[in-house]
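1. following is a predicted model, sequence given first.
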Amino acid sequence: MSPDASDASDADEPLVGIDDLCVSLGGTTILRGVDAAVGRGRFVGLVGPNGAGKTTLLRTIAGAVDPASGRVTVAGERIHDLHSKAASRLVTTVPQDTTVAFEFDVRTVVGMGRHPHRSRIGGWTEADTTAVERALDRTDTARFADRPVTTLSGGERQRVLLARALAQETPVLLLDEPTGSLDINHQVRTLELVGELVADGRTVIAAIHDLDLAARYCDELLLLSGGEAVAAGAPASVLTEPAVREAFDARARVARHPVTGSVSVTALPAGGHDRGGGAGDRREKNAGRVHVVGDNDAVRHLYALDAAGFEVSAGAVNEGSAVAETARSLGIDTVTVPPFAGVDTEARAAVARRIEAAGCVVVADMAVGSGNLPNLRAARDADRIVLVETRPFAARNHAGAAAARSYRRLRNRATVVDHGDVVGAVADAVGTDRTSDPVAPESATRATTDRGGCDTDR
Amino acid sequence: MSLRTRTVAWSTGLTGLLAAVLVVSAGIGPVSIPPATVAKVLLSADPLPLAFDTPRTSRIIVLDVRLPRIALAAFVGLALATAGTVMQGFFRNPMADPSIVGVSSGAAVGAVATIVLPIAFPFGLELQGAAFLAAVLTAFGVYLIATRSGNTPTATLLLAGVAVQTFLGAVISLLLLQSGRSLRRVVYWLMGHLGGTTWAEVWMIAVALPPLFTILLFYARDLNVLLLGEEEADSLGVDVERTKRILLGVSSVVTAAAVAVTGVIGFVGLIVPHGMRLVVGPDHRILLPTSALAGASFLVATDTLARSGPAEIPVGIVTAALGAPFFLYLLRSREVTGL
């Protein structure tokens, strides 16, 4: 399928050019000086926080909104100078809101995509039929082609509107939140389908909320923030931690997704535990040193403690494990041993050094075997211990009575907490600046949790 | 069955129904004439080549007394149902009707003013002329009020229409206070009636309607696309503002032509399109012609009811009496979408 075979313009020329675009709606400036170029056959994702101007940019590219200044060109034509029929042979939009109020059957709705190709008095041609049937097949909507569109689910309606856009046979396809109302299965299926269309030579620009999906499927991303294009290019180059923090005003971690290998963004809770700071202050690692021991359960504590501003170390863990990967992506100092290997003397010594340097040790709710028992023993030497316990130790002890004894001794000296209380307990344990503030509202509530061990310096 | 086949089948059927209703209606009245005689009279009327032998009185009653009124009812019914269909599509609201942009109120002001005030028009059809002019001017005024820098949001148009209607209602009330001896005539006009129809009136609307109706038929596909929403229509290559201007302009003129002749006949433009939409679906390529034909039959039938009682009542009363309960039924039983 070659939607625009007649266009003989230079292949290097971007198909969609956005040039110093400024748009105002109702007196408010929505887009300021956006520049972008989209090459033929590219899948470009528009990402950015709510109100960044993603939808307005799409509407302007579609010609529905007139720019205050600047211009949009599609295939060399200034879209706002074209008659709407000519424009709709170049660009079409699949809207975010898929409600269709009237009971048209699906085939009729898809057939409306042929509108720009038909004259007012011209009849329905063979080409129209072919385009509609192909669009129905392509989007897997042929099986309910004769049902009223009002009886379909949101996901099905979305595919019908996508089919309509395909029947329109435009070289450029604009999608506004194509996955917004879909479950995870249909999100992926829709984006796979869009990917196929792009492989066929269509050019797609889509506003996508989900950064992970955007990173996974788009060739390029355009990050919008406050009406400006703040970054553009390959997903990994756009979705950096500073860029995401700046654009979304949110703490986030950017890592490689372990399964898809694409960039993955994880938002973290705003501000550390009762620190009340904005997004910017998490870099000042002055809240104290903490060492974390544990397996999978430790991942969340690494995130939370790092976000709260503690200088975190971890280990010993096996290379390639979830904890090791998390620690690496957070830039945490970690003691590692090879995959499947136990903690050897050397690693044990390294752990001991870090525990000595740390004000507190967090022992996550972990399974204990002979391989990681040395970690548990090393933790026993810490000044202050925060022990996360959600399951009885017997249920996760694979190292026999010796391990149970070590754990008992550890537990006697520890502040035993649940998942949610780790940051608070650690803060109590290491933070002299915090305990000196008697009116800190949360210290009262925290006082109700176990107060042994860690609170020795109070 | 393809849309084209369905459209032809439905249109043929409804044309047959209209013919039957015409024949039956022309036979009903103080002097009852059997349908067969009516049919013979109609088929041997002037332009037609057939010549049946029929009683002279039957010929006079059918052709000169009843037929003008029946023909006018058919044309007005067609006009109101067509305009109603277009307005419901235009506003994407099944509760819209042709007078929603103030056409009927405007016509009423024009008509009542000519009755009450000493205004002289140069031609014979002064009341109809004034009503028509005032109706078109009102629609145009509402359009101007609702338009800002070339855009006419339908919600603004609707609200402007409601406000202008309210204002014109006040003007009509004021004129009624001044009406004195002509009060009865004013009230009669406001109720909507088809009595005392002349062939001149019939010809006026018969000449004006077909070209306007044809224009609307050509826009049936654009109207379908507009139902999806204006921004989507734009993305599908419909010049939205221009199409809206044409649809609004033509359907206002169609409505104005109807109400100028007959006064305000309510609910035809609301219930006929809605009823037909339930039967043939929302596609305007079939909905427009079928609604038009059904509207013609509906108004001929209701006018026959209106004039066949012991005392003739204005047809507007009959359509409203039938239409309002149907409206309420729709309100209760179906989801009202839009706005």
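-> That came through, no problem. No experiment lies behind these values; they were computed from the predicted model shown.
2. helix, strand, or coil at the residue of the stretch 151-300 of chain B found nearest chain A?
-> Proximity to chain A, evaluated over the stretch 151-300 of chain B using C-beta to the nearest C-beta, is greatest for B:G237 at 3.1 Å. No exception for glycine: its C-beta is placed from N, CA and C like everyone else's. Applying DSSP: H, G, I helix; E, B strand; the rest coil to B:G237 yields a three-state assignment of coil.
3. and the stretch 151-300 of chain B, which residues reach chain A?
-> B:218, B:221-222, B:224-225, B:227-229, B:231-232, B:234-240, B:281-283 (C-beta under 8 Å from any C-beta of the partner chain).
4. circling back to that earlier point, next, count neighbours for the residue of the stretch 151-300 of chain B closest to chain A.
-> Neighbour count of B:G237, defined by other C-beta atoms under 10 Å in any protein chain shown: 25.
5. surely it meets A:L82?
-> No: the pair formed by B:G237 and A:L82 falls short of the contact definition of C-beta atoms under 8 Å, at 10.3 Å.
6. could you export stretch A:63-72 as PDB, CA atoms only?
-> Coordinates of the C-alpha atoms in stretch A:63-72 are reproduced here as PDB (Å, rounded to 0.1, in the frame of the first residue of the first chain):
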ATOM      1  CA  GLY A  63      -5.600  22.100  10.200                       C
ATOM      2  CA  ALA A  64      -8.400  22.300  12.700                       C
ATOM      3  CA  VAL A  65      -6.800  25.100  14.600                       C
ATOM      4  CA  ASP A  66      -5.200  28.000  12.900                       C
ATOM      5  CA  PRO A  67      -1.800  29.000  14.300                       C
ATOM      6  CA  ALA A  68      -1.100  32.600  15.500                       C
ATOM      7  CA  SER A  69       2.200  32.400  13.700                       C
ATOM      8  CA  GLY A  70       4.500  29.800  12.200                       C
ATOM      9  CA  ARG A  71       3.400  27.100   9.800                       C
ATOM     10  CA  VAL A  72       2.800  23.500   9.300                       C
END
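7. select only the buried ones of the residues of the stretch 151-300 of chain B next to chain A in PyMOL?
-> A single PyMOL command is used to select the members of those judged buried by 16 or more other C-beta atoms under 10 Å in any protein chain shown:
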select buried, chain B and resi 221+222+224+225+227+228+229+231+232+234+235+236+237+238+239+240+281+282+283
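8. which SS state does the residue in chain A sticking out farthest from the centre fall under?
-> Farthest-out residue of chain A from its mean C-alpha position, per C-alpha atoms, centre = their mean: A:I121, at 49.1 Å. Reduced to three states with three-state DSSP, the structure at A:I121 is coil.
9. could you find the closest non-adjacent residue to it?
-> In space, A:I121 comes closest to B:F218 once its chain neighbours are excluded; the distance is 7.0 Å by C-beta to C-beta, 6 or more residues apart in numbering or on different chains.
10. tell me the spacing between that neighbour and A:E346.
-> According to C-beta to C-beta, to the nearest Å, B:F218 and A:E346 sit 86 Å apart.
11. likewise A:V172?
-> 59 Å.
12. and B:A71, by the same measure?
-> Counting by C-beta to C-beta - B:A71 and A:E346 are separated by 107 Å.
13. and these two? Which one has more around it.
-> The residue with the greater number of neighbours, taking B:A71 and A:E346 and applying other C-beta under 10 Å, is B:A71; the counts read 21 against 11.
14. doesn't the more buried one fall inside a strand?
-> No: using three-state DSSP, the secondary structure at B:A71 is helix, not a strand.
15. and the residue nearest to it when sequence neighbours are not counted, which helix or strand is it part of?
-> Taking C-beta to C-beta, 6+ apart, and ignoring the residues beside it in sequence, B:A71 has B:V202 as its nearest neighbour in space, at 5.0 Å. B:V202 belongs to helix B:199-218 when elements are defined using DSSP states H and E.
16. quick check: mean pLDDT of that helix?
-> Confidence for helix B:199-218, expressed as mean pLDDT, is 91.
17. what about the host helix or strand of B:V142, distance to the chain center?
-> Counting by DSSP H and E, the secondary-structure element that holds B:V142 is helix B:126-146. A distance of 16 Å separates the C-alpha centroid of helix B:126-146 from that of its chain, computed with C-alpha atoms, centre = their mean, to the nearest Å.
18. same for it, what does it pack against?
-> With contacts taken as 3 or more C-beta pairs under 8 Å, 6 or more residues apart in numbering or on different chains; DSSP states H and E, helix B:126-146 sits against helix B:103-116, helix B:154-178, helix B:240-262.
19. many thanks, have a good one.
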